[in-house]
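Enquirer: give me a model of this one.
(one chain, ligands or ions: 1)
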Amino acid sequence: MNDAIVASNLRKRFISYERIGFIRRRKIVVEALRGVSFRVRWGEVYGLLGPNGAGKTTTVKILATLLIPDDGYAMIDGHDVVKEAGIVRGIIGLVLYPDKGFYSRLSGYENLVYFGRLYGLSKSVAEARARELMNLVGLENAMNRPYEEYSLGMRARLAIARALIHDPPVLFLDEPTIGLDPISAREVRELVRRLRKEGKAVLFTSHNLWEVEEVCDRVGIINNGRMIIEGSPRDIKDMLGLKYVIEVEVQLNGRVETIREETTNPADALRRVINDVEARGLRISRIRINEPSLEEAFIRVIGDENG
Ligand SMILES: Nc1ncnc2c1ncn2[C@@H]1O[C@H](COP(=O)(O)OP(=O)(O)OP(=O)(O)O)[C@@H](O)[C@H]1O
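Expert: Numbers count the residues shown, from 1 in each chain. Below is the predicted model:
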(Lines give C-alpha, C1' and ligand atoms only; values in the text may rest on other atoms or scores of the structure.)
Protein backbone atom coordinates (compact mmCIF):
# COMPACT_ATOMS: atom_id res chain seq x y z
CA MET A 1 0.00 0.00 0.00
CA ASN A 2 1.30 3.47 -0.87
CA ASP A 3 1.95 6.01 1.84
CA ALA A 4 -0.68 8.76 1.81
CA ILE A 5 1.86 11.57 1.44
CA VAL A 6 5.52 11.34 0.44
CA ALA A 7 7.72 14.43 0.21
CA SER A 8 11.25 13.70 -0.95
CA ASN A 9 14.04 16.25 -0.88
CA LEU A 10 11.75 19.12 -1.91
CA ARG A 11 13.51 22.31 -2.88
CA LYS A 12 11.96 25.63 -3.79
CA ARG A 13 13.51 29.00 -4.37
CA PHE A 14 11.67 32.26 -4.97
CA ILE A 15 13.07 35.26 -6.78
CA SER A 16 11.92 38.47 -5.19
CA TYR A 17 12.76 42.16 -5.40
CA GLU A 18 13.61 44.41 -2.51
CA ARG A 19 13.33 48.20 -2.66
CA ILE A 20 16.65 49.96 -2.01
CA GLY A 21 15.61 53.53 -2.67
CA PHE A 22 12.74 55.34 -4.24
CA ILE A 23 12.97 53.55 -7.57
CA ARG A 24 15.85 51.09 -7.42
CA ARG A 25 15.17 47.49 -6.60
CA ARG A 26 17.53 44.66 -5.81
CA LYS A 27 16.92 41.06 -6.77
CA ILE A 28 16.92 38.63 -3.86
CA VAL A 29 16.77 34.86 -3.87
CA VAL A 30 14.75 33.23 -1.10
CA GLU A 31 15.62 29.59 -0.44
CA ALA A 32 12.20 28.60 0.89
CA LEU A 33 12.84 24.82 0.89
CA ARG A 34 16.33 23.29 0.96
CA GLY A 35 15.49 19.59 0.82
CA VAL A 36 12.43 18.69 2.88
CA SER A 37 11.47 15.01 3.20
CA PHE A 38 8.78 13.25 5.21
CA ARG A 39 6.01 10.68 4.91
CA VAL A 40 2.46 10.59 6.22
CA ARG A 41 0.64 7.27 6.60
CA TRP A 42 -3.06 6.55 6.24
CA GLY A 43 -4.99 7.25 9.41
CA GLU A 44 -2.28 9.58 10.65
CA VAL A 45 -2.37 13.27 11.58
CA TYR A 46 1.01 14.83 10.86
CA GLY A 47 1.88 18.29 12.20
CA LEU A 48 4.23 20.45 10.19
CA LEU A 49 5.75 23.00 12.54
CA GLY A 50 8.24 25.79 12.25
CA PRO A 51 8.70 29.48 12.89
CA ASN A 52 7.32 32.14 10.53
CA GLY A 53 8.87 31.81 7.10
CA ALA A 54 10.19 28.27 7.75
CA GLY A 55 8.59 26.88 4.59
CA LYS A 56 5.40 25.20 5.85
CA THR A 57 2.95 26.83 3.47
CA THR A 58 5.35 26.39 0.56
CA THR A 59 5.48 22.65 1.34
CA VAL A 60 1.69 22.42 1.59
CA LYS A 61 1.28 24.31 -1.69
CA ILE A 62 3.66 21.93 -3.48
CA LEU A 63 1.84 18.88 -2.10
CA ALA A 64 -1.48 20.42 -3.12
CA THR A 65 -0.24 21.03 -6.73
CA LEU A 66 -0.35 24.84 -6.39
CA LEU A 67 3.44 25.24 -6.72
CA ILE A 68 5.99 23.22 -8.67
CA PRO A 69 9.16 22.24 -6.77
CA ASP A 70 12.54 23.13 -8.27
CA ASP A 71 13.89 19.77 -7.21
CA GLY A 72 12.79 16.62 -5.39
CA TYR A 73 9.37 15.03 -5.78
CA ALA A 74 6.15 14.48 -3.89
CA MET A 75 3.50 11.78 -4.16
CA ILE A 76 -0.04 11.59 -2.90
CA ASP A 77 -1.22 7.97 -2.69
CA GLY A 78 1.53 7.08 -5.17
CA HIS A 79 0.63 9.87 -7.66
CA ASP A 80 3.24 12.46 -8.56
CA VAL A 81 2.04 15.96 -7.67
CA VAL A 82 3.57 17.46 -10.82
CA LYS A 83 3.08 14.77 -13.47
CA GLU A 84 -0.34 13.63 -12.21
CA ALA A 85 -1.62 16.90 -10.78
CA GLY A 86 -5.16 16.28 -12.06
CA ILE A 87 -5.46 12.95 -10.23
CA VAL A 88 -3.90 14.42 -7.10
CA ARG A 89 -6.42 17.27 -7.02
CA GLY A 90 -9.22 14.69 -6.94
CA ILE A 91 -7.85 12.96 -3.86
CA ILE A 92 -6.88 15.94 -1.71
CA GLY A 93 -8.81 18.57 0.21
CA LEU A 94 -7.13 21.85 1.07
CA VAL A 95 -7.70 24.57 3.64
CA LEU A 96 -5.28 27.46 3.24
CA TYR A 97 -5.06 30.51 5.44
CA PRO A 98 -6.23 33.14 4.70
CA ASP A 99 -9.06 31.49 2.93
CA LYS A 100 -10.15 32.71 -0.47
CA GLY A 101 -12.61 31.89 -3.16
CA PHE A 102 -16.01 31.95 -1.51
CA TYR A 103 -18.78 33.99 -3.06
CA SER A 104 -19.79 36.61 -0.55
CA ARG A 105 -23.40 37.05 -1.70
CA LEU A 106 -24.12 33.34 -1.80
CA SER A 107 -25.06 31.50 1.39
CA GLY A 108 -22.63 29.02 2.93
CA TYR A 109 -24.84 26.21 1.65
CA GLU A 110 -24.99 27.62 -1.88
CA ASN A 111 -21.22 28.02 -1.89
CA LEU A 112 -20.78 24.35 -1.01
CA VAL A 113 -23.26 23.24 -3.66
CA TYR A 114 -21.36 25.36 -6.19
CA PHE A 115 -18.02 23.75 -5.28
CA GLY A 116 -19.60 20.29 -5.28
CA ARG A 117 -20.77 20.92 -8.87
CA LEU A 118 -17.20 22.01 -9.77
CA TYR A 119 -16.03 18.62 -8.52
CA GLY A 120 -18.49 17.00 -10.89
CA LEU A 121 -21.23 16.03 -8.43
CA SER A 122 -24.78 16.02 -9.79
CA LYS A 123 -27.09 18.77 -8.48
CA SER A 124 -28.94 16.49 -6.08
CA VAL A 125 -25.78 14.80 -4.78
CA ALA A 126 -24.05 18.19 -4.33
CA GLU A 127 -27.08 19.49 -2.40
CA ALA A 128 -27.21 16.45 -0.15
CA ARG A 129 -23.46 16.59 0.46
CA ALA A 130 -23.60 20.34 1.22
CA ARG A 131 -26.34 19.78 3.78
CA GLU A 132 -24.44 16.89 5.38
CA LEU A 133 -21.24 18.96 5.62
CA MET A 134 -23.01 22.03 7.02
CA ASN A 135 -24.19 19.72 9.82
CA LEU A 136 -20.77 18.14 10.25
CA VAL A 137 -19.05 21.50 10.81
CA GLY A 138 -21.86 22.88 12.97
CA LEU A 139 -23.20 25.47 10.53
CA GLU A 140 -26.67 23.98 10.16
CA ASN A 141 -28.26 27.10 11.65
CA ALA A 142 -26.42 29.42 9.27
CA MET A 143 -27.10 27.40 6.09
CA ASN A 144 -28.95 30.18 4.32
CA ARG A 145 -27.12 33.26 5.55
CA PRO A 146 -24.82 34.99 3.06
CA TYR A 147 -21.13 34.22 3.41
CA GLU A 148 -20.31 37.91 3.87
CA GLU A 149 -22.18 37.82 7.18
CA TYR A 150 -20.22 34.84 8.51
CA SER A 151 -17.86 35.40 11.44
CA LEU A 152 -14.21 34.35 11.23
CA GLY A 153 -14.96 31.06 12.97
CA MET A 154 -17.89 30.30 10.67
CA ARG A 155 -15.70 31.01 7.64
CA ALA A 156 -13.01 28.68 8.95
CA ARG A 157 -15.55 25.89 9.37
CA LEU A 158 -17.00 26.47 5.92
CA ALA A 159 -13.46 26.23 4.50
CA ILE A 160 -13.09 22.81 6.10
CA ALA A 161 -16.49 21.76 4.77
CA ARG A 162 -15.42 22.81 1.26
CA ALA A 163 -12.21 20.81 1.57
CA LEU A 164 -14.32 17.73 2.37
CA ILE A 165 -16.89 18.15 -0.38
CA HIS A 166 -15.52 15.34 -2.60
CA ASP A 167 -14.71 13.16 0.44
CA PRO A 168 -10.95 13.23 -0.19
CA PRO A 169 -8.75 10.67 1.60
CA VAL A 170 -5.95 13.22 2.10
CA LEU A 171 -6.40 16.62 3.76
CA PHE A 172 -4.13 19.61 4.09
CA LEU A 173 -5.14 21.98 6.86
CA ASP A 174 -2.91 25.07 6.98
CA GLU A 175 -3.64 26.80 10.30
CA PRO A 176 -7.29 25.67 10.37
CA THR A 177 -7.98 27.02 13.85
CA ILE A 178 -6.39 30.45 13.58
CA GLY A 179 -8.74 33.09 14.96
CA LEU A 180 -11.22 30.54 16.28
CA ASP A 181 -12.64 30.76 19.79
CA PRO A 182 -11.67 27.85 22.09
CA ILE A 183 -14.94 25.99 21.57
CA SER A 184 -14.79 26.23 17.77
CA ALA A 185 -11.11 25.24 17.81
CA ARG A 186 -11.96 22.21 19.89
CA GLU A 187 -14.68 21.25 17.41
CA VAL A 188 -12.16 21.44 14.59
CA ARG A 189 -9.76 19.20 16.54
CA GLU A 190 -12.58 16.72 17.11
CA LEU A 191 -13.37 16.79 13.42
CA VAL A 192 -9.72 16.06 12.61
CA ARG A 193 -9.78 13.09 14.99
CA ARG A 194 -12.94 11.79 13.34
CA LEU A 195 -11.29 12.05 9.91
CA ARG A 196 -8.29 10.12 11.22
CA LYS A 197 -10.61 7.41 12.51
CA GLU A 198 -12.02 7.10 8.99
CA GLY A 199 -8.47 6.30 7.86
CA LYS A 200 -7.77 9.65 6.18
CA ALA A 201 -4.34 11.24 6.26
CA VAL A 202 -4.22 14.81 7.56
CA LEU A 203 -1.34 17.25 7.27
CA PHE A 204 -1.86 19.96 9.84
CA THR A 205 0.02 23.20 10.45
CA SER A 206 -0.48 25.39 13.49
CA HIS A 207 1.51 27.72 15.70
CA ASN A 208 -0.48 26.47 18.66
CA LEU A 209 1.85 23.75 19.93
CA TRP A 210 -0.49 22.62 22.65
CA GLU A 211 -3.07 21.96 19.95
CA VAL A 212 -0.54 20.14 17.78
CA GLU A 213 0.35 17.92 20.70
CA GLU A 214 -3.33 17.20 21.28
CA VAL A 215 -4.14 16.20 17.75
CA CYS A 216 -1.01 15.05 15.89
CA ASP A 217 0.42 11.54 15.90
CA ARG A 218 3.75 12.72 14.54
CA VAL A 219 5.28 16.11 13.92
CA GLY A 220 8.10 17.47 11.82
CA ILE A 221 9.79 20.73 12.76
CA ILE A 222 11.22 22.69 9.86
CA ASN A 223 13.43 25.75 10.01
CA ASN A 224 14.97 27.74 7.17
CA GLY A 225 13.58 25.24 4.67
CA ARG A 226 15.09 22.15 6.32
CA MET A 227 13.56 19.35 8.39
CA ILE A 228 15.26 19.57 11.77
CA ILE A 229 13.60 16.81 13.77
CA GLU A 230 10.71 14.40 13.27
CA GLY A 231 8.77 11.93 15.39
CA SER A 232 5.87 11.61 17.81
CA PRO A 233 5.77 14.47 20.36
CA ARG A 234 6.97 11.94 22.96
CA ASP A 235 9.85 10.73 20.75
CA ILE A 236 10.95 14.30 20.06
CA LYS A 237 11.04 15.15 23.76
CA ASP A 238 13.02 11.98 24.43
CA MET A 239 15.45 12.69 21.58
CA LEU A 240 16.10 16.12 23.03
CA GLY A 241 16.47 14.70 26.55
CA LEU A 242 13.82 17.04 27.95
CA LYS A 243 13.16 16.48 31.64
CA TYR A 244 9.98 15.59 33.47
CA VAL A 245 9.51 17.21 36.86
CA ILE A 246 8.23 14.99 39.65
CA GLU A 247 6.84 16.58 42.80
CA VAL A 248 5.85 14.46 45.77
CA GLU A 249 4.25 16.23 48.74
CA VAL A 250 4.72 14.56 52.11
CA GLN A 251 3.45 15.29 55.61
CA LEU A 252 6.39 15.95 57.93
CA ASN A 253 5.74 16.95 61.55
CA GLY A 254 2.38 18.47 60.61
CA ARG A 255 3.99 20.45 57.79
CA VAL A 256 3.85 19.78 54.04
CA GLU A 257 7.20 19.26 52.36
CA THR A 258 7.74 18.87 48.60
CA ILE A 259 10.34 16.52 47.16
CA ARG A 260 11.17 17.63 43.63
CA GLU A 261 13.15 15.73 41.06
CA GLU A 262 13.95 16.34 37.39
CA THR A 263 14.31 13.23 35.26
CA THR A 264 14.10 11.79 31.76
CA ASN A 265 12.66 8.58 33.21
CA PRO A 266 9.62 9.55 35.31
CA ALA A 267 8.43 6.00 36.07
CA ASP A 268 11.74 4.91 37.64
CA ALA A 269 12.25 8.21 39.45
CA LEU A 270 8.76 8.14 40.93
CA ARG A 271 9.16 4.55 42.12
CA ARG A 272 12.45 5.50 43.80
CA VAL A 273 11.01 8.59 45.51
CA ILE A 274 7.95 6.66 46.77
CA ASN A 275 10.17 3.85 48.13
CA ASP A 276 12.35 6.43 49.96
CA VAL A 277 9.36 8.22 51.41
CA GLU A 278 7.71 4.98 52.56
CA ALA A 279 10.99 3.74 54.07
CA ARG A 280 11.02 6.92 56.17
CA GLY A 281 7.43 6.20 57.26
CA LEU A 282 6.10 9.45 55.78
CA ARG A 283 2.63 9.97 54.35
CA ILE A 284 2.27 11.15 50.74
CA SER A 285 -0.44 13.79 50.28
CA ARG A 286 0.01 14.58 46.59
CA ILE A 287 2.00 13.50 43.52
CA ARG A 288 2.43 15.71 40.49
CA ILE A 289 4.27 14.87 37.25
CA ASN A 290 4.89 17.72 34.83
CA GLU A 291 5.61 16.46 31.35
CA PRO A 292 7.81 18.66 29.16
CA SER A 293 5.72 20.35 26.49
CA LEU A 294 6.13 20.30 22.74
CA GLU A 295 6.58 24.04 23.08
CA GLU A 296 9.75 23.45 25.13
CA ALA A 297 10.98 21.04 22.46
CA PHE A 298 10.24 23.58 19.74
CA ILE A 299 12.04 26.37 21.55
CA ARG A 300 15.02 24.10 22.21
CA VAL A 301 15.26 23.03 18.56
CA ILE A 302 14.69 26.43 16.99
CA GLY A 303 16.71 28.28 19.64
CA ASP A 304 19.71 26.00 19.06
CA GLU A 305 19.42 26.45 15.31
CA ASN A 306 18.88 30.19 15.19
CA GLY A 307 20.64 31.26 18.32
N1 LIG B 1 5.63 33.99 -3.69
C2 LIG B 1 6.73 34.22 -2.97
N3 LIG B 1 7.69 35.07 -3.43
C4 LIG B 1 8.81 35.29 -2.71
N5 LIG B 1 9.07 34.71 -1.52
C6 LIG B 1 8.15 33.86 -1.03
C7 LIG B 1 6.94 33.58 -1.71
N8 LIG B 1 6.22 32.70 -0.97
C9 LIG B 1 6.95 32.44 0.14
N10 LIG B 1 8.10 33.14 0.10
C11 LIG B 1 9.17 33.10 1.11
O12 LIG B 1 9.52 31.75 1.34
C13 LIG B 1 9.81 31.53 2.71
C14 LIG B 1 8.89 30.43 3.26
O15 LIG B 1 7.57 30.94 3.31
P16 LIG B 1 6.31 30.08 3.82
O17 LIG B 1 5.09 30.88 3.56
O18 LIG B 1 6.38 28.71 3.22
O19 LIG B 1 6.60 30.01 5.38
P20 LIG B 1 5.67 29.45 6.57
O21 LIG B 1 6.50 28.46 7.31
O22 LIG B 1 4.37 28.98 6.03
O23 LIG B 1 5.50 30.75 7.46
P24 LIG B 1 4.26 31.29 8.36
O25 LIG B 1 4.32 30.51 9.63
O26 LIG B 1 4.66 32.72 8.59
O27 LIG B 1 3.01 31.12 7.59
C28 LIG B 1 9.65 32.89 3.41
O29 LIG B 1 10.91 33.50 3.48
C30 LIG B 1 8.74 33.64 2.46
O31 LIG B 1 8.97 35.04 2.54
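Enquirer: ok, the nearest residue to R11 once chain neighbours are set aside - how many residues close by?
Expert: In space, and not counting its chain neighbours, R11 is closest to D71: 4.0 Å by CB to CB, 6 or more residues apart in numbering. Using the backbone N, CA and C atoms, a C-beta is placed for each residue, glycine as well. The tally of other residues near D71 (other CB atoms under 10 Å) stands at 13.
Enquirer: measure D71 to S37 for me?
Expert: D71 is 12 Å from S37, where distance means CB to CB, to the nearest Å.
Enquirer: overlap in contacts, those two.
Expert: Counting by CB atoms under 8 Å, 6 or more residues apart in numbering, the residues touching both D71 and S37 are N9, L10.
Enquirer: which residues touch the residue nearest to R11?
Expert: Applying CB under 8 Å, 6+ apart, the residues near D71 are N9, L10, R11, G35.
Enquirer: surely the last one is in contact with N9?
Expert: When you say that, I think you mean G35. Yes - in this structure, G35 is within contact of N9 by CB atoms under 8 Å, at 4.8 Å.
Enquirer: so what sits against both of those two?
Expert: Common contacts of G35 and N9 (CB under 8 Å, 6+ apart): D71, G72.
Enquirer: the chain: helices as residue ranges?
Expert: Secondary structure of the chain by DSSP state H: the helices cover 56-63, 85-91, 108-118, 123-136, 152-163, 182-197, 209-215, 233-239, 266-279, 294-306.
Enquirer: tell me how far the fourth one lies from the chain's centre.
Expert: When distances are taken as CA atoms, centre = their mean, to the nearest Å, helix 123-136 is centred 26 Å away from the chain's centroid.
Enquirer: quick one: mean pLDDT over it.
Expert: For helix 123-136, mean pLDDT is 94.
Enquirer: so what touches that helix?
Expert: Contacts for helix 123-136 (CB under 8 Å, 6+ apart): 108-109, 112-113, 116-117, 121, 140, 142-143, 161, 164-165, 191.
Enquirer: for the stretch 101-250 of the chain, give the residue positioned nearest to the ligand.
Expert: Proximity to the ligand, evaluated over the stretch 101-250 of the chain using CB to the nearest ligand atom, is greatest for H207 at 6.5 Å.
Enquirer: picking that back up, just the contacts of D71 now: which is nearest the ligand?
Expert: Checking the contacts of D71 against the ligand by CB to the nearest ligand atom gives L10 as the nearest, at 11.1 Å.
Enquirer: what's the separation between the residue nearest to R11 and the ligand?
Expert: 16 Å (CB to the nearest ligand atom, to the nearest Å).
Enquirer: just W42 next, same as before
Expert: Taking CB to the nearest ligand atom, one finds W42 at 25 Å from the ligand.
Enquirer: distance of L10 relative to A201?
Expert: 17 Å.
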